[in-house]
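**Q** Please work out how this folds:
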Amino acid sequence: MQKRMKLNIGSKITLGYIFILVCFGIFLLVVTNRVASLQHETDFVSEHDIEVHDLANSVEKSLLDMETGQRGFAITGDVSYLDPYNKASEAWETNYSKLYSLLADNPAQQENLTDIRQNINKWIEIAGKPIIDLKKAGRDDEVMQFFKTDPGKSEMDSIRSKFNSFLSTEKALTNERVQNLSDSNNKLITTIYILWAIVAVLSVLVAVTISRNIVTIIKDVTRTIREMAAGGSLDQRIQVRTNDEIADLGRTTNDLLEVVQKQGELKDEVAAMSTLLQNESSLKSLSEQFVNRLATVLGVPYIALYAAQHDELVLTASYAGDFQQTGQRIIAFGDGLAGQCAKDQQMITLNQIPGDYIRISSGLGNTVPSFLVLTPFIYEGKLLAVIEIAALNKLDAHQMEMLKQLVDAASGTMHSVINRMEIQRLYMEAQTLNEELQTQSEELQVQTEELQVQSEELQMQTDELQSLNDKLEIQKDQAENAAVELEKYAEQLKTSSNYKSEFLANMSHELRTPLNSMLILSQILAENRSGNLTDEESNYASVINSSGTDLLHLINDILDLSKVEAGKIQLEISPVNLSEIPESMNRYFGKMAEAKSLQFRLEVAPNVPEVFYSDELRLHQIIRNLLSNAFKFTERGEVTLSIYKLDSIKTSGFSIPGQTLAFAVRDTGIGISEDQQSMIFEAFKQADGATARKFGGTGLGLSISQQFSKLLGGELTVESVPGIGSTFTLYLPCETEHLDVSPMILMQNEAAVGASPGSASQAAWLGSSTYKPEDTGGKHSIVEEEPLFLEETDLFEGKKVLVVDDDIRNVYALANALERYNMHVLTAQNGYECLDILQQEPDISIILMDIMMPEMDGYQTMKNIRQTLELSELPILALTAKAMKEDRDKCLAAGASDYLSKPLNINEVISRMKVWMTKSQME
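**A** Numbering: from 1, shown residues only. The predicted structure follows:
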């Protein structure tokens, strides 16, 4: 009999939904097709027609621009009228080509465009280009004669007429397409209504049909289940007559009854096993009872049970086992299947057993089992035993579940029996130990008497220790007194250090103040722009300026050394462009090398990165010191600056584990002996007295460079051979995390030059916040200015500058220098005079402000300018002879736009003035 096709409830419902979806699909297909057609027609109108109108208007506008440009040039002769003419000449042909291609579907309109193009070309030929050529040739009479007849006017009128006809035709076509779109849209709405009604009717019919079929079948199955439940017998089963999900429900219910029936049998067997084992008192008898009962329940011919003792399994009971031939009585954990089962505490099953593994014997013969299962006895995570079962056939799921339940039930009983046996063993051991303790108690009595004697001896030693402790207490008081004295001494050292810092600041001020006027005036004399001095007199001024500059460098070196020793150097970590270092050094020392006839070589290895992070100012200072020494002590040969990268560096007492940059300065100079190489890094020392006399210098450069290299997390080394030359190498880490910043403060992106005055300054004067200068270090920092930059003086022409300084020498020097740039210089000797002048002269462009002045100093004056006069945008350059970093910060906080330390370099003053005056004008 042919099997009836299964059409389940899901299939019926699915077929219904598919039918509805097909109807909706047809509906959507029709609607989508019509919508796409409408969209295409709409896009054609919105894109094609509009673009045609735009391009036609563009061509017509280009023609108008050409005519306007031609007439404007013909009338005025101004060539600027030719710009719209030339642009329109290029644009109309491009737009014409696009317009012509868009009308490929309308040959009639293309013919109209062709006529228009011919008229345009004819106008250009007879009126456009000839008039321009005549005007360019200066033949104005012929131009006037041409416009009297103007043959191009008829062409232009014809072009406009044809353009109007062309645009009218395009407008009519657009209106026709819009009307067609409206008709199509009405048809689409009618079609949607009709299709929607058809789909709705068909969907309702399908839903009603499927619902009736499903409800009828479910009622029949429900009646059958209710009749079965009334009997209450687990042996009764549901009769299945359908071939859908209801049939699956009946078969599933029958399976459930089967499972419940087997679980009942399983519980009965577990209860019987528990009753059988509960009275057993030894592990061996319990094991024998268990394997015998289990063999009967499972119907298996072979069982072996191993009890866990320490790290081994010991055979405790077996069923039909012949261990003289094949079995093992003791098995270590991990050995064989039983040992592995004990180690993993997991059940193991085997379906294919080798023929020589185990044999099952009887009086009639023997055979080989085909299935093996091993399972552990576990109670509260502890392994108690392992049972091994061999069967002729594979155990089914019910038998495996029966085995698991019986093993779990027996595990609790086995654990109780093992505990009772352990308690019994411990009791016997306790009896034995009690007897031994009695004997030891007598021995302890004797030892106690001996300890009494030792206790008396210890008391005497304790008295001696107490006496020693009293002496130590006295020494402790003495040490505390010494600590107090040391603390007082530390305070004295701190006070002395403050005095030293103040002394250096005052010394800097007293030295820089006269140096300022000396350097400015000597520079003016050396430049000799008026030509009043002879060459020799100008040379004298240059010598004075050079000597003053050397003295300034000495002052700076002494201050740097003092700050390094005091741990007050502050680094400014920022990206350093390594490609700029050779260029900068060449600008510094190129002419010096030429003057001494030395070859100056600059080498950069290919593996050197373009940028790394360090303090660019200190790095340049170290390299310049090394190169300066190299040129100073080299009479002939060459000086080389090499930059290369190492994976790491390790020297005596210093190492950089990561990537390292090396800056090596090699020379062919006099060299340094090995016993003097460590001395050259000490302050105020050179290799020997003769060297100092011959070459000059204070011996501070290398000492400061060595200190700076350590602050940057690196090291400065020297290799030298007398008479051959020296190599000084600076090693620095490529990354900032390698820097040893313990003796300093890292200041990233700190403002290096000045601030932009603004409303924040007013808050500072009121005491609510500190004036915050704008970071201009990266924008306006001036190290070396090109002469062309300094000669651009149009910005200063006729501008007013106010110089505020109580030292008439500085005022005189600055006034002379600034007047060379045609500036009007006003002067004041204290803050009060400065404020009065500002109120009288509101058009002052910039202020040069000294700090240390009588009556009202520069700090208070700048605060009053920002707060009282509300001149937040007026640039103020603070000029001070104090060169400490805190002096600069104090100036910027008081309202200064920028900061310059004396003695002043007039080129740098002019450069800073130009920066701030330019910025002030832009704002």
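**Q** which strands and helices sit next to the helix or strand harbouring Gln461?
**A** Applying DSSP states H and E as the criterion places Gln461 in helix 397-527. Contact here means 3 or more CB pairs under 8 Å, 6 or more residues apart in numbering; DSSP states H and E; on that basis helix 397-527 packs against helix 245-277, helix 283-298, strand 371-379, strand 382-391, helix 535-566, helix 808-819, helix 906-922. Using the backbone N, CA and C atoms, a C-beta is placed for each residue, glycine as well.
**Q** Could you check how far the third one is from the centre of its chain?
**A** Going by CA atoms, centre = their mean, to the nearest Å, the spacing between the C-alpha centre of strand 371-379 and its chain's C-alpha centre is 57 Å.
**Q** Pairing partners for it, with directions?
**A** strand 348-350 (antiparallel), strand 382-391 (antiparallel) (DSSP bridges).
**Q** For the ones you listed, state which one has the densest average packing.
**A** strand 382-391 (a mean of 22; mean count of other CB atoms under 10 Å).
**Q** now the angle between helix 397-527 and that strand, please.
**A** 130 degrees (axes from the mean of the first three to the mean of the last three CA atoms, to 10 degrees).
**Q** Tell me the pLDDT of Leu374.
**A** We have a pLDDT of 91 for Leu374.
**Q** lowest average confidence, helix or strand, in this protein?
**A** helix 759-765 (a mean of 30; mean pLDDT, DSSP states H and E).
**Q** In the record's domain split, what are the boundaries for the chain?
**A** As given by automatic domain parsing, the domain ranges for the chain are 9-203, 233-269, 278-395, 573-746, 759-922.
**Q** least reliable of those domains going by mean pLDDT?
**A** When these are compared on mean pLDDT, domain 233-269 scores lowest, with a mean of 64.
**Q** thought Arg601 was touching Thr640?
**A** Yes: look at Arg601 against Thr640 with CB atoms under 8 Å: they come within range, at 4.3 Å.
**Q** Of these two, which one has the most company?
**A** Thr640 (19 against 13; other CB atoms under 10 Å).
**Q** Which residues does the more buried one form beta bridges with?
**A** Where Thr640 sits in a bridge, its partners, by DSSP bridges, are Arg601, Arg666.
**Q** Ok, Ile846 next?
**A** For Ile846, the beta-bridge partners under DSSP bridges are Val801.
**Q** How about the contacts made by it?
**A** Residues near Ile846 by CB atoms under 8 Å, 6 or more residues apart in numbering: Lys799, Val801, Leu802, Leu874, Pro875, Ile876, Leu877, Met913, Trp916, Met917, Ser920.
**Q** what comes up buried for stretch 341-361?
**A** Cys341, Ala342, Ile348, Leu350, Ile358, Arg359, Ile360 (16 or more other CB atoms under 10 Å).
**Q** Make sure the first one is actually in contact with Thr349.
**A** Right, the one you point to is Cys341. No: look at Cys341 against Thr349 with CB under 8 Å: they stay out of range, at 10.4 Å.
**Q** Pull up the overlap in contacts between these two.
**A** Applying CB under 8 Å, 6+ apart, one finds that Cys341 and Thr349 are jointly contacted by Leu374.
**Q** Tell me how many other residues surround Gln452.
**A** Neighbours of Gln452 using other CB under 10 Å come to 9.
**Q** ugh, wrong one, Gln424
**A** 11.
**Q** measure it to Asp477 for me?
**A** Going from Gln424 to Asp477 by CB to CB, to the nearest Å gives 68 Å.
**Q** re earlier: just say which of the helices and strands packed on helix 397-527 is most tucked in.
**A** strand 382-391 (a mean of 22).
**Q** what about that one, distance to the chain center?
**A** Centre-to-centre, strand 382-391 and its host chain are 60 Å apart (CA atoms, centre = their mean).
**Q** Can I get it in CSV, CA atoms only?
**A** In CSV, the C-alpha atoms belonging to strand 382-391 read as follows (Å, rounded to 0.1, in the frame of the first residue of the first chain):
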residue,chain,number,x,y,z
LYS,A,382,35.9,12.2,46.3
LEU,A,383,36.6,9.0,44.4
LEU,A,384,35.6,5.9,46.3
ALA,A,385,35.8,3.1,43.7
VAL,A,386,35.7,2.1,40.0
ILE,A,387,33.4,-0.6,38.6
GLU,A,388,34.2,-2.4,35.3
ILE,A,389,31.4,-4.2,33.4
ALA,A,390,31.8,-6.4,30.3
ALA,A,391,28.7,-7.4,28.3
